[in-house]
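**Q** quick one, what's the 3D model for this:
(one chain, ligands or ions: 3)
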Amino acid sequence: MRTAHCVDTVRTAEAALMARLPEGALMQRAAAGLAAACADLLGRVYGVRIALLVGSGDNGGDALYAGARLARRGAGVSAVLLAPDRTHQGGLAALTGAGGRIADDPFAVLATADLVLDGIIGIGGRGGLRPDAIPIARAARGSNAVIVAVDLPSGTDADSGEVTGEALRADATVTFGTHKPGLLIDPAREYAGTVRLVDIGLDAELPSIPAVEALQHEDVARLLPRPSAESDKYRRGVVGVVAGSARYPGAAVLAVAGALRGGAGAVRYVGPATEAVIARFPETLVHTGPPAKAGRVQSWVVGPGLGEGIGAVPEILASDAAVLVDADGLRQLDPEAVRGRSAPTLLTPHAGEAAALLEVAREEVESARLASVRELARRYGATVLLKGSTTLVADPDPSVAVRVNPMGTPWLATAGSGDVLSGLAGSLLATGLNARDAGSVAAYLHGLAARRAAADGTPITSWEVGEGVRGAWGACVLGGRT
Ligand SMILES: NC(=O)C1=CN([C@@H]2O[C@H](COP(=O)(O)OP(=O)(O)OC[C@H]3O[C@@H](n4cnc5c(N)ncnc54)[C@H](O)[C@@H]3O)[C@@H](O)[C@H]2O)[C@@H](O)CC1
Ligand SMILES: Nc1ncnc2c1ncn2[C@@H]1O[C@H](COP(=O)(O)OP(=O)(O)O)[C@@H](O)[C@H]1O
Ligand SMILES: [K+]
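**A** Ligands and ions are numbered 1, 2, ... in the order given. Coordinates of the predicted model:
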């Protein structure tokens with residue numbers, strides 16, 4: 001599991017750790033890790049030209065001490081001081097003592113730099129870059145240098161991943177002690193590039209429940225259902241899929257495709273697209289009457305491609321099975337009907353659907369994903385999976401870590417891929433996973449399936465994502481064993 005903690009938590013843990021260490025030891029650990037990461041990225045240090053962008057806080061101090069270490073190894077290091085009166089004095093002395101210089105002309109230094117260290121602001125930052133930093137950040141971005149952000153890209157919000165003003169886009173970020181939520185959540189994640197974590201000994205001081213966490217192969221392998229010797233198809237779990245319409249028959253087929261690969265022992269399809277479903281998947285149990293008469297299920301998936309046919313949603317919400325509501329099913333969704341449920345409930349909106357549920361503009365959801373998914377989970381008293389470039393899964397209990405999906409590819413932005421995801425997550429619900437695990441494991445397998453299918457850089461179809469789930473499942477099980 002990869003974990004991320006918020007700024008307040010990091011500060012408390014750092015204070016506890018610092019109390020047990022000699023003064024300045026923590027910053028030296030950070031700077032040593034940072035310098036080593038830069039050397040790794042560059043391949044060599046001697047003769048390399050490095051520009052440090054140094055703000056007024058300890059983030060600038062990290063950059064200066066790392067610069068000193070690199071200067072001692074033969075790099076030509078120049079510091080651009082954005083707040084000369086408030087520069088970290090120990091760091092500056094270390095740099096100059098190691099042969100580094102203070103830049104007279106920042107733009108000339110940046111024009112010839114091989115590497116830029118962004119130490120403008122770290123976890124103490126508020127809002128975007130200030131006006132005086134903007135031309136310097138732009139010059140850095142416009143140069144040929146590799147840009148390495150210190151702790152986080154300056155101008156991005158550590159706790160939320162929001163970018164409210166201008167921020168400096170990095171090629172790589174070297175972060176200290178723990179990930180910050182913003183490094184895992186778009187739009188900030190995009191600014192961070194490749195993220196590397198430097199161990200500064202903070203783990204023992206951090207709370208066991210992080211703010212945000214991301215599954216990895218071994219976590220998924222542990223959560224995936226496995227039939228026992230005594231299993232039969234009903235004990236493995238039955239998922240009912242209420243999807244499709246005359247206008248969108250394909251949504252039914254794709255949701256069933258996902259459901260068949262999520263580990264349930266049987267898939268019941270209920271709706272008008274029985275012929276299309278059976279033509280592709282003869283193993284599906286089909287029913288054209290109301291869902292209540294379709295036979296027992298452990299979970300329902302309702303919504304993909306229903307169009308106007310959303311009459312079944314209240315009936316399904318009233319059932320005692322686990323329920324996943326997606327797409328059209330989310331329209332006119334009654335918060336009280338969801339809040340009153342005792343069985344697991346998972347809502348899976350994309351940004352547009354989430355915006356409609358929250359009655360805000362889509363852009364507001366996209367720029368504040370974490371806050372939006374938390375607010376939806378709170379309002380509906382349900383688990384919410386917010387789809388998009390960063391898929392997030394929030395529990396209604398705010399003390400539970402929000403899961404962020406580290407898998408995926410922008411190629412997934414293709415019609416129908418959400419239908420596959422809802423079938424897959426609903427199937428995992430039927431096998432007995434709770435809503436948070438079902439949603440996050442489904443998003444992981446779905447993203448991994450898409451990544452594997454698009455590995456050659458070509459566009460993929462939603463059908464291929466469904467086909468790829470088996471391979472993704474296998475890769476997690478194999479990867480999880482090693
Ligand atoms: N606290 C610790 O023990 C450690 C901290 N470390 C480093 O210290 C950083 C935090 O240091 P600080 O608390 O000094 O905070 P920062 O270095 O992030 O910056 C704080 C300063 O930036 C100014 N500022 C805030 N928003 C700004 C903006 N939008 N534009 C320009 N200036 C802005 C503030 O006025 C303040 O002076 C971490 O990100 C990390 O890099 C590491 O050395 C590891 C140990
Ligand atoms: N830019 C992106 N990067 C990664 N994944 C994306 C991106 N855009 C969309 N996705 C994923 O693709 C799927 C699209 O689902 P959805 O929006 O419901 O589409 P549809 O309704 O056509 O099925 C979701 O799993 C979502 O997380
Ligand atoms: K920074």
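**Q** alpha carbons only for contacts and neighbour counts from here, please
**A** OK.
**Q** ok, the nearest residue to Ala13 once chain neighbours are set aside to Ile123 distance?
**A** Spatial nearest neighbour of Ala13, chain neighbours left out: Glu205 (4.9 Å); criterion: CA to CA, 6 or more residues apart in numbering. Remark: distance between Glu205 and Ile123 (CA to CA, to the nearest Å) = 18 Å.
**Q** so for these two, which sits in the more crowded spot?
**A** Ile123 (22 against 16; other CA atoms under 10 Å).
**Q** mind listing what the residue nearest to Ala13 touches?
**A** By CA atoms under 8 Å, 6 or more residues apart in numbering, Glu205 lies in contact with 13-14, 16-17.
**Q** show me just the buried residues among those.
**A** With burial judged by 16 or more other CA atoms under 10 Å, the buried subset of these is 13-14, 17.
**Q** which ones among those map onto helices?
**A** Among those, DSSP state H puts 13-14, 17 in helices.
**Q** which ones, among the residues you listed, also lie beside ligand 1?
**A** Residues shared between those and the neighbourhood of ligand 1 are Glu14 [CA under 6 Å from any ligand atom].
**Q** pretty sure Ala111 contacts Val146?
**A** No: using CA atoms under 8 Å, Ala111 makes no contact with Val146, being 12.0 Å away.
**Q** these two - which one has more neighbours?
**A** Val146 (20 against 15).
**Q** so what's that one bridging to?
**A** Leu115 (DSSP bridges).
**Q** residues contacting it?
**A** By CA under 8 Å, 6+ apart, the neighbours of Val146 are 114-116, 170-171.
**Q** Gly250 now?
**A** Per CA under 8 Å, 6+ apart, neighbours of Gly250: 244, 276, 305.
**Q** which SS class is it?
**A** Following DSSP: H, G, I helix; E, B strand; the rest coil, Gly250 is assigned to helix.
**Q** separation between Ala294 and ligand 2?
**A** 25 Å (CA to the nearest ligand atom, to the nearest Å).
**Q** ok, Pro314 next?
**A** Pro314 sits 21 Å away from ligand 2, going by CA to the nearest ligand atom.
**Q** what sits closest to the residue of the stretch 201-350 of the chain found nearest ligand 3 if chain neighbours are left out?
**A** Nearest residue of the stretch 201-350 of the chain to ligand 3: Leu202, at 19.2 Å (CA to the ion). Once flanking residues are discounted, Leu202 sits nearest to Gly177: 5.2 Å by CA to CA, 6+ apart.
**Q** so what pLDDT did the one you found get?
**A** Looking at Gly177, its pLDDT stands at 98.
**Q** number of residues surrounding it?
**A** Around Gly177 there are 23 residues (other CA under 10 Å).
**Q** surely it meets Ile200?
**A** Yes: applying CA under 8 Å, one finds Gly177 in contact with Ile200, separated by 5.2 Å.
**Q** what about the host helix or strand of Arg189, distance to the chain center?
**A** Using DSSP states H and E, Arg189 sits in helix 188-192. The gap between where helix 188-192 is centred and where its chain is centred comes out at 11 Å by CA atoms, centre = their mean, to the nearest Å.
**Q** distance check, the residue nearest to Ala13 against Gly122.
**A** For Glu205, the distance to Gly122 - CA to CA - is 20 Å.
**Q** which residues does the most centrally placed residue in the chain form beta bridges with?
**A** Among the residues of the chain, the one closest to the centroid is Val404, at 3.5 Å (CA atoms, centre = their mean). On the basis of DSSP bridges, Val404 is bridged to Leu392.
**Q** now do the contacts for it.
**A** Contacts of Val404 by CA under 8 Å, 6+ apart are 184-185, 212-215, 390-393, 440.
**Q** could you redo the last one with a cut-off of 10 Å?
**A** Contact partners of Val404, counting by CA atoms under 10 Å, 6 or more residues apart in numbering, are 2-3, 181, 184-185, 212-215, 370, 385-386, 390-394, 440, 443-444.
**Q** Ala266 too?
**A** Taking CA under 10 Å, 6+ apart, one finds 232-240, 259-260, 283-285, 297, 427, 430 in contact with Ala266.
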